[in-house]
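> sharing a model prediction with you, sequence too.
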Amino acid sequence: MLILLAIGFALIASYQAALHRRGRTSGRDRAVAYVLSGLTFVYGLVCRFAPGWANPFVPIRFVFEPVQRLIAGN
Amino acid sequence: MKQEGTVTALQTGGLTFLFVFSTTLAYLIGPLAKEAGSDGWICIVLGAVAGTALAIPPLSFALRRPTAYLGSFGERIVGKPVHKCILFLTSTFYLHLAAYILREFTDFFVPSFLKETPPVAVAILVLTAAAFLAQVGVSGSFRFAQGCFLVIGLFFLLKPLFFVPYLDTPIWREFARIHDWKTLWKQTYGIIPWYGELTMLAYIAPLFASRRKIRAAVWIGSMAGTYILLTEFLLIVLFFGPKLAGALSYPALDLTGFVHLGDFLRNMNALIVSIWFMGYFVKLSVVFAVGTLLFSEMLGVRDPKPLTAPLGALVVCFSLVLARNPVELAGYFDASWATYALAVEGLAYVYPLVSWARGRAGRRPASPSA
């Protein structure tokens, strides 16, 4: 699974490089795109090893469930 | 941008039509029939009107500036930090929504049609197509919708004709009265954000070519989609009864199992799911494209194209970790999604409200002592 993740992100980075060459994007935009890819890779690793920490529903539920219970009476 | 001002009212209406009923048809009807029974049709009507009405004021505000995106000029209205926060929350909401739609699809499609296929493979394949469409820009999804909404709409308009012999049932009487006001409110509250997702149109206002007709197109598309959803809901409840319909995971799919053309076509499941998939894909791609656009605006990136691939990967990761199984996913959704969605959709109101408040402050006459 880890190898697949690494291959997937290598493909994404090479595709981004091709897009940057074609679009002649600025240095800042390139940096932002690569940093985003790196952060997504780290998030992918967290999803693999600690899926409970990566689930966006957990904080959403923590914040909004009491409010929804109040409004809709769940 | 090349694509500015190219989306017609017909394309907007077509996309709204597909947007409204494509996912609700498959994933909303079962839980709604379970909770609200024969009151469900009222929840759909009330939710549709309230949700569409929720999406219109921010759109009207954004249409006043036909050459600039709300993601760009909003900074001058509410200030940079607040604007960036709104864009971050809204973009992550739409990316999360794309992941949720993707997860619902893999949960439905893999056990039914692609047994023993890893869900991750299906999720990557579907989202790769959506990501490539997002590279064309949000207008690409509108053009795609224009190409297929007539086929999909016509098919779902004709579908009830297959069930005419079964509609002579005493259950009709149950639709004439309200059984439980509390459930009615709870379910309507849950449906409003499904329609409120249309607030995304406010963030892409410069794409619209004919601004005068856009609001009418959104209303017509939304109500036409609601008609399809309503027809399907009534068919399912009449055909299966409220209890059985509520017990089925995908009652719309089970209903299609009874559609056949004499001996010529005994089972039209694959055909119907293929047609439905086009509508589903339109919704997934437009939600992902809007999420990507807002995220790039938040980061101050001029061209969102290079961000589509990593954000696509993020959405696939999201979809895989959202829940361990469909029951857990439904639990998360029922517990908090409606309030979360309404809160984020309501953020689009900050711009017109602040603008209005500043306008009032500017018009206030100077005090005599000044």
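Happy to help now that I have it.
> next helix or strand past the least confident helix or strand in chain B by mean pLDDT?
Here the helix or strand of chain B ranked lowest by mean pLDDT, DSSP states H and E is helix B:251-256, holding a mean of 83. Going down the chain from helix B:251-256, the next helix or strand is helix B:269-299, by DSSP states H and E.
> wait, does that next one contact chain A?
Yes: Helix B:269-299 lies within reach of chain A by C-beta under 8 Å from any C-beta of the partner chain, at B:L299. No exception for glycine: its C-beta is placed from N, CA and C like everyone else's.
> mind listing what the residue nearest the centre of chain A touches?
Geometric centre of chain A, nearest residue: A:T40, 3.7 Å, by C-alpha atoms, centre = their mean. A:T40 sits next to A:9, B:310-311, B:313-314, B:317 when contact means C-beta atoms under 8 Å, 6 or more residues apart in numbering or on different chains.
> CA atoms of the helix or strand where it lies as PDB?
Taking DSSP H and E as the criterion, A:T40 maps to helix A:27-49. Only the C-alpha atoms of helix A:27-49 are listed here, as PDB (Å, rounded to 0.1, in the frame of the first residue of the first chain):
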ATOM      1  CA  GLY A  27       7.700  30.300  -9.000                       C
ATOM      2  CA  ARG A  28       5.300  30.900  -6.100                       C
ATOM      3  CA  ASP A  29       2.500  29.000  -7.800                       C
ATOM      4  CA  ARG A  30       4.900  26.100  -8.400                       C
ATOM      5  CA  ALA A  31       6.000  26.100  -4.800                       C
ATOM      6  CA  VAL A  32       2.400  26.200  -3.500                       C
ATOM      7  CA  ALA A  33       1.400  23.300  -5.800                       C
ATOM      8  CA  TYR A  34       4.400  21.100  -4.700                       C
ATOM      9  CA  VAL A  35       3.900  21.900  -1.000                       C
ATOM     10  CA  LEU A  36       0.200  21.000  -1.300                       C
ATOM     11  CA  SER A  37       1.200  17.700  -2.900                       C
ATOM     12  CA  GLY A  38       3.700  17.000  -0.100                       C
ATOM     13  CA  LEU A  39       1.100  17.800   2.500                       C
ATOM     14  CA  THR A  40      -1.500  15.500   0.800                       C
ATOM     15  CA  PHE A  41       1.100  12.700   0.800                       C
ATOM     16  CA  VAL A  42       1.600  13.200   4.500                       C
ATOM     17  CA  TYR A  43      -2.200  13.100   4.900                       C
ATOM     18  CA  GLY A  44      -2.200   9.900   2.900                       C
ATOM     19  CA  LEU A  45       0.300   8.400   5.300                       C
ATOM     20  CA  VAL A  46      -1.800   9.400   8.300                       C
ATOM     21  CA  CYS A  47      -4.900   7.900   6.600                       C
ATOM     22  CA  ARG A  48      -2.900   4.600   6.300                       C
ATOM     23  CA  PHE A  49      -1.500   4.400   9.800                       C
END
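> tilt between that helix and helix B:269-299?
If you take axes from the mean of the first three to the mean of the last three C-alpha atoms, to 10 degrees, helix A:27-49 sits at 130 degrees to helix B:269-299.
> and helix A:27-49, what's buried?
Across helix A:27-49, burial judged by 16 or more other C-beta atoms under 10 Å in any protein chain shown covers A:29-30, A:32-34, A:36-37, A:40-41, A:43-44, A:47.
> sorry, back to before: looking at the contacts of A:T40, which is nearest B:L253?
B:C317 (27.5 Å; C-beta to C-beta).
> residues near the nearest residue to B:L89 once chain neighbours are set aside, how many?
What sits nearest to B:L89 in space, not counting adjacent residues and going by C-beta to C-beta, 6 or more residues apart in numbering or on different chains, is B:V344, at 5.6 Å. The number of residues packed near B:V344 is 22, by other C-beta atoms under 10 Å in any protein chain shown.
> any idea which element B:V344 lies in?
Counting by DSSP H and E, B:V344 is part of helix B:338-346.
> ok, then the element right after that helix?
Counting by DSSP H and E, what follows helix B:338-346 is helix B:350-363.
> can you name every helix or strand that that next one contacts?
Under the contact criterion of 3 or more C-beta pairs under 8 Å, 6 or more residues apart in numbering or on different chains; DSSP states H and E, helix B:350-363 touches helix B:40-63, helix B:70-78.
> ok, which of the ones you listed comes nearest B:E328?
Per C-beta to C-beta, nearest to B:E328 of those: helix B:40-63, 23.9 Å.
> what comes up buried for that closest one?
B:40-41, B:43-52, B:54-56, B:58-59, B:61-63.
> export that helix as CSV, just CAs?
Below are the C-alpha coordinates for helix B:40-63, written out as CSV (Å, rounded to 0.1, in the frame of the first residue of the first chain):
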residue,chain,number,x,y,z
GLY,B,40,-41.7,12.5,3.2
TRP,B,41,-43.2,14.2,0.1
ILE,B,42,-43.9,17.3,2.2
CYS,B,43,-40.4,17.3,3.5
ILE,B,44,-39.0,17.2,0.0
VAL,B,45,-41.3,20.1,-1.2
LEU,B,46,-40.5,22.3,1.8
GLY,B,47,-36.8,21.4,1.7
ALA,B,48,-36.6,22.1,-2.0
VAL,B,49,-38.2,25.6,-1.7
ALA,B,50,-36.3,26.6,1.4
GLY,B,51,-32.9,25.3,0.1
THR,B,52,-33.2,26.9,-3.3
ALA,B,53,-34.3,30.2,-1.7
LEU,B,54,-31.2,29.9,0.5
ALA,B,55,-29.0,29.8,-2.5
ILE,B,56,-30.4,32.8,-4.4
PRO,B,57,-29.5,35.9,-2.4
PRO,B,58,-25.7,35.3,-2.4
LEU,B,59,-26.0,34.6,-6.1
SER,B,60,-27.9,37.8,-6.8
PHE,B,61,-25.2,39.7,-4.8
ALA,B,62,-22.4,38.1,-6.8
LEU,B,63,-24.1,38.8,-10.1
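> fine, thanks again, bye for now.
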